[in-house]
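Student: Have a look; sequence and predicted model below, questions after that.
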Amino acid sequence: MNKKSLGIFSTFLLVILILTNFNYKTAYADSTPPELNSNGVVLMDATTGEVLYSKEENTQYYPASTTKVLTALVVLDKVKNLDEKVTVGKKPPFADGTKIGLREGDTFTVRELLTILLLASDNVAAETLAEYVSGSCEEFAKLMNEKAKSIGAVNSNFKNPSGLPDEEHVTTPKDLATIMKEAIKNEEFMKISNETYIELHSVIDNSTLATSNHNYMLLPNSSYYYEYSISAKKGYTIAAGFTNVAAAQKDGLTLVASFLNGEDINKVYSDVKNIFNYGFENFKRVKLYSEGDQVGSFKLEDGTTVPLLVSSDVYHTIKNAETTTTETATATKTNENVDSKLEFSTPKGYDKKSFKRGDILTTAKVMVNGEEVETIDLASGISREYTSPMEVVAKSASSMFFYVKIIAFILAIIVIYLLLTRKKRLFKKKHKRSIQLINEAKKKR
């Protein structure tokens, strides 16, 4: 091979090596969390509630219009027929902040109001829905706080349905992610939050009000679009800065993320993409236990062994590099890429109870790396009928009485049969005697 050919070959080989090395590097995720603009951020597994990344997760911030996710949840809890008609009252049209032009006397369905609440962040819709459900925004705020605490968002306080500035209207990154985690379980919420456009017609003058979805990460034509997003709600006030809460799904893993007190909308949307990419590239969801897995057993006084079964599939989210084993209270087994242990006490009080297969008998703590990640229910693997001594006696007495009645009935039939038989014999004998007397009388004649 001459020098010229050798040079060409060397250059070609160098290019191949560079390209190969480039592909090799980009095939692996950066395990370092990204630098984020927002002052408060949480990335959470939407299935388990595990926090995968946090920045000031329990610090209170103003949520702005991300509040409306909770507002929608409360309305969906309280109103079962979303086609119910709602008339805008006197007060809501004077609400501060974002509004598309709803007027006093306008009538819309609950669904329409929820749609412009989530798509256009309309504050008139927020207050109209609050008044419809509770009579006033103040009373509705009580329901919001009750709902938040019931789902684990315990470090928040809500004063209004829209997120307008109030010193006592605060949430935390973890609480906001928890609220979105709950919201995406609701089918109606998901349908409404993913609408792209809506038109409403005023009953006052038949004019048309129209709006599109302002949560741009859901819109394929937007520069802020995120391809794995499934729901989102953004917000802004001067006091709160730029806020956002979103959910995304990829390869069976669903994540929610909250962003509070961001300084710039472009940076907040950059935060959204960066934290979700980090989550999807570095974490995966693994199954610890399957529904029906036997993880233990206990014995009753009569010697019956009762298997304890996992009542539903149990998942955990881990970093891609983690690999260990899974243990139960009575056995050890290997599960792919996870180390966990179930801790539970022997169920009490079932020696004198009846129960069916599938009935919940106790709970178990799921421990991962020595930390409790959740509590699950354990169900019976058998059905068991228990009869108390008194019930046995009662049943025996009842059975004896039943048999006595049967015997008495049979005896009565026998006695009746014998009486009828005797009567029949007497009748035949009497009849025969009558015939003899008649015959003797004939002979005498």
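Tutor: Everything's here; your move. Numbers count the residues shown, from 1 in each chain.

Student: shaky segments in the stretch 251-400 of the chain?
Tutor: 321-338, 389-400 (pLDDT under 70).

Student: cutoff 50 now
Tutor: 323-325, 328-335 (pLDDT under 50).

Student: the strands in it, which residues?
Tutor: In the stretch 251-400 of the chain, the strands defined using DSSP state E, counting those that start in this stretch lie at 253-262, 283-289, 294-299, 305-310, 314-319, 326-327, 332-333, 340-343, 360-368, 371-380.

Student: mind putting the ones you listed in a markdown table, mean neighbour count included?
Tutor: No exception for glycine: its C-beta is placed from N, CA and C like everyone else's. Below are these laid out as a markdown table (neighbours: other Cβ atoms under 10 Å):
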| stretch | mean neighbour count |
| --- | --- |
| strand 253-262 | 26 |
| strand 283-289 | 19 |
| strand 294-299 | 17 |
| strand 305-310 | 19 |
| strand 314-319 | 21 |
| strand 326-327 | 22 |
| strand 332-333 | 10 |
| strand 340-343 | 19 |
| strand 360-368 | 18 |
| strand 371-380 | 16 |
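
Student: which one is residue 139 nearest to, not counting chain neighbours?
Tutor: residue 130 (8.0 Å; Cβ to Cβ, 6 or more residues apart in numbering).

Student: so how many other residues sit close to the one you found?
Tutor: 25 (other Cβ atoms under 10 Å).

Student: mind listing what it touches?
Tutor: Contacts for residue 130 were tallied using Cβ atoms under 8 Å, 6 or more residues apart in numbering; they are 71, 136-137, 139-141, 160-161.

Student: That one - that's part of a helix, no?
Tutor: Yes. Counting by DSSP: H, G, I helix; E, B strand; the rest coil, residue 130 is located in a helix.

Student: which stretch among the strands of the stretch 251-400 of the chain comes nearest residue 193?
Tutor: strand 253-262 (12.7 Å; Cβ to Cβ).

Student: Tell me which residues of stretch 199-207 come out buried.
Tutor: By 16 or more other Cβ atoms under 10 Å, the buried positions in stretch 199-207 come out as 200, 202.

Student: Identify the residues contacting residue 73.
Tutor: 147, 179, 182-183, 186, 189.

Student: Can you get me the start-to-end distance on stretch 168-178?
Tutor: End-to-end distance for stretch 168-178: 20 Å, by Cα to Cα, to the nearest Å.

Student: try stretch 362-374
Tutor: Terminal residues of stretch 362-374 lie 14 Å apart, using Cα to Cα.

Student: What lies in contact with it?
Tutor: So stretch 362-374 is contacted by 48-50, 288, 295, 308, 314, 316, 329, 338-347, 375-378 (Cβ under 8 Å, 6+ apart).

Student: circling back to that earlier point, now the buried members of the contacts of residue 130.
Tutor: Buried among the contacts of residue 130 by 16+ other Cβ under 10 Å: 71, 137, 140-141, 160-161.

Student: which one of these is nearest residue 83?
Tutor: Nearest to residue 83 among those, with distances taken as Cβ to Cβ, is residue 71, at 19.2 Å.

Student: ok, back up a step: any chance of the strands of the stretch 251-400 of the chain in TSV with distance to residue 168 as columns?
Tutor: As requested, the strands of the stretch 251-400 of the chain are exported to TSV (distance: least, Cβ to Cβ, whole Å):
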stretch	distance to residue 168
strand 253-262	16
strand 283-289	35
strand 294-299	46
strand 305-310	43
strand 314-319	34
strand 326-327	45
strand 332-333	50
strand 340-343	40
strand 360-368	36
strand 371-380	32
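
Student: so which of those strands comes closest to residue 95?
Tutor: Taking the strands of the stretch 251-400 of the chain one by one with Cβ to Cβ, strand 253-262 is closest: 22.5 Å.

Student: what's the offset of the closest one from the middle of its chain?
Tutor: Per Cα atoms, centre = their mean, to the nearest Å, the displacement of strand 253-262 from the mean C-alpha position of its chain is 19 Å.

Student: All good on my end, thank you.
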